[in-house]
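**Q** pasting a predicted model and its sequence here:
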Amino acid sequence: MAGLAQPAINSYHANPSDPALPEHSAGLRVGRELLDAGRHAEAARQLERRLALPAAGDETERNASLRYLARACEALGDPERAMALFRRAAAEAPGLRGAWVELAWALMRRQDWAPCLDA
């Protein structure tokens, strides 16, 4: 992890209730940074915490959290949970193109062609 990502993650973990860091936005960013760094289990825990918040951000942020969590599950060897999360992201926000694109890519990786074309 390069640059400021690790210090930002450390700062967030040290004081997650900092009012300057809205939990839903900061949690999403930290989860994404952990995912990008290959720290999939940590990313999954972070994103699950973020999704469990009563106010989990706007529709776009919540959807991104679902998709990042799905990617983490896929990397951790849980393809069934990953597919359920990709499908949930598309169902919860059918107007967001990213949810459908990621679902189609996940289906393609599994060579599940008919649903891939439907997505």
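**A** Sure, I can see it.
**Q** how far away is the residue nearest in space to the middle of the chain from residue 110?
**A** The centroid of the chain falls nearest to residue 68 when counting by Cα atoms, centre = their mean (2.1 Å). Between residue 68 and residue 110 the computed distance is 19 Å (Cβ to Cβ, to the nearest Å). For glycine as for every other residue, the C-beta is placed from the backbone atoms N, C-alpha and C.
**Q** wait, isn't residue 67 in contact with residue 87?
**A** No: using Cβ atoms under 8 Å, residue 67 makes no contact with residue 87, being 10.9 Å away.
**Q** neighbour count winner among those two?
**A** residue 67 (25 against 18; other Cβ atoms under 10 Å).
**Q** the more buried one: what secondary structure?
**A** Under the three-state scheme (DSSP: H, G, I helix; E, B strand; the rest coil), residue 67 adopts helix.
**Q** which residues does it contact?
**A** 85-86, 89, 98-99, 102 (Cβ atoms under 8 Å, 6 or more residues apart in numbering).
**Q** list only buried entries from these.
**A** 85-86, 89, 99, 102 (16 or more other Cβ atoms under 10 Å).
**Q** show me the helices in the protein, by range?
**A** Here the chain has its helices, by DSSP state H, at 5-14, 23-36, 40-51, 59-75, 79-92, 97-109, 113-118.
**Q** OK, contacts around residue 116?
**A** So residue 116 contacts 104, 107-108 (Cβ under 8 Å, 6+ apart).
**Q** burial count for the residue lying closest to it once chain neighbours are set aside?
**A** Excluding the flanking residues, the one nearest residue 116 by Cβ to Cβ, 6 or more residues apart in numbering is residue 107, at 3.8 Å. For residue 107, the neighbour count with other Cβ under 10 Å is 20.
**Q** likewise for residue 95?
**A** Neighbour tally, residue 95, other Cβ under 10 Å: 8.
**Q** I appreciate the help and will end here.
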